[in-house]
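Here is a sequence with its predicted model. Questions after.
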Amino acid sequence: MADTYVLSIDQGTTSTRAMVFDHSGEVISVDQVEHEQIFPRAGWVEHDAEEIWKNTRKVIGGALSSANLNSKHIDSVGITNQRETAVVWEKATGRPIHHAIVWQDTRTQKMVDEIGGDAGPERFKEKTGLPLATYFAGPKIAWILDNVDGARERAEAGELLAGTMDTWVLWNLTGGGENEGVHVTDVTNASRTLLMDLATLDWDDELCEAIRVPRAMLPQIRSSSEEYGECKPGVLNGTPVAGILGDQQAATFGQACLEPGTAKNTYGTGNFMLLNTGTEIVRSDNGLLTTVCYQLGEDKPVYALEGSIAVTGSLVQWVRDNLGLIKDAPEIETLAKGVDDNGGVYFVPAFSGLFAPHWRPDARGAIVGLTRYANKGHIARAVLEATAFQTKEVLEAMQADATRAGSDLTELKVDGGMVANETLMQFQADILGIDVIRPKVAETTALGAAYAAGLATGYWSSTDDITDNWGEGQRWSPDMDSEQVDRLFRNWKKAVTRTLDWVDDDVD
């Protein structure tokens, strides 16, 4: 046991990482490579899937090399991924027929409006747990089939395969076109396509027909923790791939949110808060998503409520890359600490519309409250506060749903890149009015996928090992008077209203 480890592939929105974990859940080694963000038009976001696969091979080799390990030291491989990003590729060659369309992309808005028809966004919510929105993978696949010459005919003929990024990575890891790669996804990723029935955990013919995705090109849906196939060829040749979890479900698993009523919030490219609701499918009355949290082998699936926020960490990246206001991401905290407050400035980053709890695709980003007094420090603070305010909106919705489900959220576990920003974490606790807790091992997304794989192979004996491995790293408690919280949040909600009804027939 001491000489073996689990390797996790974390295929994220901006980069791909490989991380090696030991039995105690500690990081042994890591390698990470960013990939290009492609913006063909306003609202369109793409990735080069072949670049991502090349980077995946690179980081696997890098993580093994830095720890002086080889395949004999790796018990199993887990995969976690940006979820709703969709790719379509040739079954025979493995070549994508189009760039992967990223979860943030909004090009399918007209399509989802047409699919909704008179019933609107709620048409399939009872079956899928999701509103019809550009966020999800199914319409992205349909768009590719409609816009690449001959693609729909080739898909009907069985020449094309489709999937989310977990499926793409797994298929290539297990041999791809030359070696009959395994074409599989797990229940968590499948639940983000608008094509799976939450109750049956299978592709649904009505949904596939309405969204116009041939069922034959979709991967087999399996649990989150079982052996799907072996890596071949390459440095991990013969190693079983035994765990798949969408990134936010992986973080929930890695945070040991294994009991109904436990919740976590991940601060990454966007923010994603998940509440474990157990084996019960809980429908949201407050703009949240109902999704699969995880399924371990033959066990019953565990479900969750989720609040998805499109733009948080990527706003810091935008301020760096598009405005040049900072040179690197951590500088945003230094700049924000140079002022005492936001100076009346609010930044609503509705770059892809507003996700939970609003679901307003017509919204676009806005900076409001500007006066001659405002400076770059106030803008920097408004950038950080936007993350906290959006999280509060989601938490309020989740608390309303949780109360109905018999739960009460009294603290929030947090993870992701932005939790290193202590100014943000303190403000988050202040605005929420509950404790915010960062674990000792902050890389919970990769860790969750590793746990899923290691549980399938017996590397970890039970989920009790996950609970035992989890440890509190730092805790922030509220320290702001309620009147100030109410004033700040009231002004935030006013700022949100200024972003609505922006996209119409004349503005794309």
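All right, it came through fine. Just so you know, these numbers come straight off a predicted model, no measurement behind them.

rest of the way, CA atoms for contacts and neighbours
OK.

which residues sit against the helix or strand hosting residue 437?
Element membership for residue 437 (DSSP states H and E) is strand 435-439. Contact partners of strand 435-439, identified using C-alpha atoms under 8 Å, 6 or more residues apart in numbering, comprise 255, 410-415, 419, 425, 428-429, 470-478.

Mind checking which of the residues you listed land in strands?
Assignment to strands by DSSP state E places the following of these there: 411-415, 472-476.

picking that back up, buried subset of the contacts of strand 435-439?
255, 411-415, 419, 425, 428-429, 470, 475-478 (16 or more other C-alpha atoms under 10 Å).

Please, where are all the strands along the stretch 301-450 of the chain?
302-309, 346-348, 366-368, 411-415, 435-439 (DSSP state E, counting those that start in this stretch).

In CSV, list those along with distance to residue 338.
Formatted as CSV, the strands of the stretch 301-450 of the chain follow (distance: least, C-alpha to C-alpha, whole Å):
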stretch, distance to residue 338
strand 302-309, 27
strand 346-348, 17
strand 366-368, 19
strand 411-415, 25
strand 435-439, 24
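
you'd agree residue 470 is up against residue 255?
Yes: here residue 470 reaches residue 255: they are 6.8 Å apart, a contact under C-alpha atoms under 8 Å.

which residues does residue 163 bridge with?
residue 87 (DSSP bridges).

Also residue 289?
For residue 289, the residues forming beta bridges with it (DSSP bridges) are residue 306.

Next one, pLDDT for it please.
According to the per-residue confidence, residue 289 scores 92 in pLDDT.

got the angle between the host helix or strand of residue 273 and strand 302-309?
Under the criterion of DSSP H and E, residue 273 resides in strand 271-278. Following axes from the mean of the first three to the mean of the last three C-alpha atoms, to 10 degrees, one obtains 160 degrees for the angle between strand 271-278 and strand 302-309.

Tell me the spacing between residue 119 and residue 244.
Taking C-alpha to C-alpha, to the nearest Å as the measure, residue 119 and residue 244 are separated by 34 Å.

Those two: which has the busier surroundings?
Between residue 119 and residue 244, counted using other C-alpha atoms under 10 Å, the more crowded position is residue 244 (39 against 10).

Any figure for the gap between the more buried one and residue 228?
Counting by C-alpha to C-alpha - residue 244 and residue 228 are separated by 9 Å.

Can you give me the distance of the closest residue to residue 417 other than its chain neighbours to residue 304?
Nearest non-adjacent residue to residue 417, counting by C-alpha to C-alpha, 6 or more residues apart in numbering: residue 268, 5.8 Å away. Separation of residue 268 from residue 304 (C-alpha to C-alpha): 19 Å.

mind listing the helices for the stretch 401-508 of the chain?
Remark: helices of the stretch 401-508 of the chain, listed N- to C-terminal, are 422-432, 444-457, 464-469, 482-497; assignment by DSSP state H, counting those that start in this stretch.

Tell me the helices and strands packed up against the first one.
Using 3 or more C-alpha pairs under 8 Å, 6 or more residues apart in numbering; DSSP states H and E as the contact criterion, the secondary-structure elements in contact with helix 422-432 are helix 376-404, strand 435-439, strand 472-476, helix 482-497.

Just the CA atoms of it, as CSV, please.
Extracted as CSV, the C-alpha positions of helix 422-432 are listed here (Å, rounded to 0.1, in the frame of the first residue of the first chain):
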residue,chain,number,x,y,z
GLU,A,422,-8.1,35.5,2.4
THR,A,423,-9.7,38.9,1.8
LEU,A,424,-12.3,37.2,-0.3
MET,A,425,-12.9,34.4,2.1
GLN,A,426,-13.5,36.8,5.0
PHE,A,427,-15.8,38.9,3.0
GLN,A,428,-17.6,35.7,1.9
ALA,A,429,-18.2,34.7,5.6
ASP,A,430,-19.3,38.3,6.4
ILE,A,431,-21.9,38.4,3.5
LEU,A,432,-23.2,34.8,4.1
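
can you pull the buried residues of that helix?
Going by neighbour count (16+ other C-alpha under 10 Å), the buried part of helix 422-432 is 423-432.
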